[in-house]
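[1] using only what follows, build the 3D model:
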Amino acid sequence: MMKYEFQYYKSTDFYEIEQLILASYQWEKPVWGLSRHEFSKGLHPAFTGNVHALEHTVGVYREGDKIVACVINEGDYSGEVFFLFDSQQRATDEELLKDMLYFAKTNASGIKEDGRTACVNLFIPEWNTTLAKLACESKFERQDWGESTYILPFGEEEFEVQLPEGYSFADGTTTPDFYLSNTHRHAFGYGREDHACKHGEEAFHNLRQMKHYRKEYDLCVLDPEKRPVAMAIIWYDEQMPYCELEPLGVAWWERRKGIASALLHEAANRVKRDYPKCQGMKGGDQQFYQKIGYKNQEVIPCYHWELKIYISWEKESYERDYAREM
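    Reported below is the predicted structural model:
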């Protein structure tokens, strides 16, 4: 019998799990960081309609009264999975890892577009050779891609901030929720068929209730008529060596004007003034970030597993022993 007690996630676990994330900055640049954690919980339920996805697909492991590990995802039933631990040593406990891999392939897996194939994308940092070995033994295959961590280094001088003439900044102390949802909608092109179009304002309202949300790090750019055309939110805790951007969006008709660069520079300057020990800002893995000085600090490889599952009454399933095939 496993020495850890397994439990399905409950909403009351959220901030205890967050302590695992904050601890992980001591030994890695986590692919599941603070911004991803609070953004997924704050925004995704209303944004996607998957209100109870975390309760259905996230597993926590306790030692006594303490959560020491977790299998987590963005609450979207996609099969994209991340493992969290309270220490680097815990992350090499083979007994624990084997059950986490099993849970990932069963309760946390997604289904591909064919409606039959269960799948998991698991992100394993290079240092965790124990987990990588066990994953491969469990029929995961390392992919030739992963998640890159791009960080904008902070220096002693403030960044130059240049908005187009007539444009201005506003932050969460004055902007209504729909300024964020409107800008996000126009930046990423979702419309009436998308759940997020109807519930985007509610989703961003909920996001603004998260523990590490700060109004002064919730920035919009307003055009000369004071309409929002760009937005960004920065997340930070003093246990982190760098702050994190999530999300950034610029309305499609305002691109190529330097607005995103000015927005990130303004955000960086605000964090630098408040927290001089903060060393940089994490951004996205796109060409834009590289052009304005973000540096690739780490790549977390993806390990993929999939298995075609037939419904029990289909003839293809009659002789299949899926437990043995896993």
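[2] all contacts plus neighbour counts: C-alpha atoms, from now on.
    Noted.
[3] quick one: contacts for the spatially closest residue to residue 188 that is not a sequence neighbour?
    Counting by C-alpha to C-alpha, 6 or more residues apart in numbering, the nearest residue to residue 188 once its immediate chain neighbours are dropped is residue 249, at 7.5 Å. Residues touching residue 249, when contacts are defined by C-alpha atoms under 8 Å, 6 or more residues apart in numbering, comprise 183, 184, 187, 188, 230, 231, 232, 260.
[4] distance to residue 326 added to those, as CSV?
    Listed next are the contacts of residue 249 as CSV, based on distance: C-alpha to C-alpha, whole Å:
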residue, distance to residue 326
183, 44
184, 40
187, 41
188, 37
230, 46
231, 44
232, 42
260, 46
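[5] need the max-distance pair from the residues you listed.
    188 and 260 (14.3 Å; C-alpha to C-alpha).
[6] between the two, which has more neighbouring residues?
    Neighbour tally, residue 188 and residue 260, criterion other C-alpha atoms under 10 Å: the higher count belongs to residue 260, 23 against 12.
[7] can you point out the buried residues in the helix or strand hosting the more buried one?
    Secondary structure assigned from DSSP states H and E places residue 260 in helix 259-274. For helix 259-274, the neighbour count (16 or more other C-alpha atoms under 10 Å) marks 259-269, 271-272 as buried.
[8] closest to residue 60 among those?
    Nearest to residue 60 among the buried residues of helix 259-274: residue 271, at 32.8 Å, using C-alpha to C-alpha.
[9] tell me where this protein has strands.
    Counting by DSSP state E, one finds strands in the chain at the ranges 5-8, 59-63, 66-72, 80-85, 110-111, 117-123, 141-153, 168-171, 218-222, 228-235, 243-250, 280-283, 295-308.
[10] now the longest one: mean pLDDT?
    When pLDDT is averaged along strand 295-308, the result is 97.
[11] before we move on, what about stretch 21-32?
    The pLDDT scores in stretch 21-32 average 97.
[12] for residue 21, which of the strands of the chain is the nearest?
    strand 80-85 (6.8 Å).
[13] each with direction, which strands does that closest one pair with?
    Based on DSSP bridges, the strands next to strand 80-85 in the sheet, each with its direction, are strand 66-72 (antiparallel), strand 117-123 (parallel).
[14] please export the C-alpha coordinates of that strand as PDB.
    C-alpha atoms of strand 80-85 as PDB (Å, rounded to 0.1, in the frame of the first residue of the first chain):
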ATOM      1  CA  GLU A  80      -2.000  18.400 -20.800                       C
ATOM      2  CA  VAL A  81      -0.500  17.500 -17.400                       C
ATOM      3  CA  PHE A  82       2.000  18.800 -14.900                       C
ATOM      4  CA  PHE A  83       3.500  17.300 -11.800                       C
ATOM      5  CA  LEU A  84       4.100  19.400  -8.600                       C
ATOM      6  CA  PHE A  85       6.200  18.500  -5.600                       C
END
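[15] what's it in contact with?
    20-21, 24, 32, 68-74, 91, 100, 104, 108-110, 120-124.
[16] again, 6 Å this time
    By C-alpha atoms under 6 Å, 6 or more residues apart in numbering, the list of residues contacting strand 80-85 from outside reads 20, 68, 69, 70, 71, 72, 73, 91, 120, 121, 122.
[17] between the residues you listed, which sits nearest residue 224?
    In terms of C-alpha to C-alpha, no member of those lies closer to residue 224 than residue 73, at 40.1 Å.
[18] how many residues are close by the closest one?
    Taking other C-alpha under 10 Å as the criterion, the count of residues near residue 73 is 27.
[19] and it, what's its pLDDT?
    As summarised for this prediction, residue 73 has a pLDDT of 98.
[20] show me what contacts it?
    Counted by C-alpha under 6 Å, 6+ apart, residue 73 has contacts residue 81.
[21] let's go with 10 Å and repeat that
    The neighbours of residue 73, taking C-alpha atoms under 10 Å, 6 or more residues apart in numbering as the test, are 32, 36-37, 40-41, 53-54, 57-59, 79-83, 104, 108-109, 122.
[22] can you select the buried ones among the residues you listed for me in ChimeraX?
    With 16+ other C-alpha under 10 Å as the criterion, this ChimeraX line picks the buried residues out of those:
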select :32,36,37,40,41,53,54,57,58,59,79,80,81,82,83,104,108,109,122
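[23] perfect, I'm done here.
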